[in-house]
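J.: need coordinates for the below:
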Amino acid sequence: MTSMQFDGAHPETVRAFRTVRLLVIGYLALSVLTLVAIALVRHDHSPTTSAMWGRGIGVAISAGITFFLVDRASKGSYRAYRRLRFLTPLVAVAIVFVIATAPYPVWMKIEQGLCGVALAGVAIVANGTHLRGQFAGR
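T.: Below is the predicted model:
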């Protein structure tokens, strides 16, 4: 196999990272909106638990880290790409487990499902042939 240099200007690379970046921005926006929703309903009749706060904050932090990894990977960082490639499918699977087992309200499970779909999309693109080829040989 021939080793390629990373070409961040290649049209397929640009398209792939644009898609990944948009999906991660959606993940980040949903995470922040969830924290806002938890804050808004905390005095409502529906209970907010420390688990909801912890999950909301953890997901928002995860989304921020994922955004950072996408930014670094799009500039040619193999380490960031490798982390993005391996972490996003794991987090997507973990989200399925959370939805199935955690006693969160339905609206939060829907939000988690949307985050999982976004991360699954990131995992599919990041593990695609083109991006893997861009980072091959490292």
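J.: tell me which residue lies nearest the centroid of this protein.
T.: With distances taken as C-alpha atoms, centre = their mean, residue 119 lies nearest the centre of the chain, 4.2 Å away.
J.: what about that residue, distance to residue 9?
T.: 26 Å (C-beta to C-beta, to the nearest Å). Every C-beta, even on glycine, is put in place using the N, C-alpha and C of the backbone.
J.: same thing with residue 86?
T.: When residue 86 is compared with residue 9 (using C-beta to C-beta), they lie 26 Å apart.
J.: for these two, indicate the residue with more neighbours.
T.: Neighbour count, other C-beta atoms under 10 Å: between residue 86 and residue 9, residue 86 has more, with 13 against 7.
J.: give me every residue that touches the more buried one.
T.: Applying C-beta atoms under 8 Å, 6 or more residues apart in numbering, we find residue 86 in contact with no residue.
J.: now do the helices in the chain.
T.: Assigned by DSSP state H, the chain shows helices spanning 11-41, 50-74, 78-101, 106-126, 129-134.
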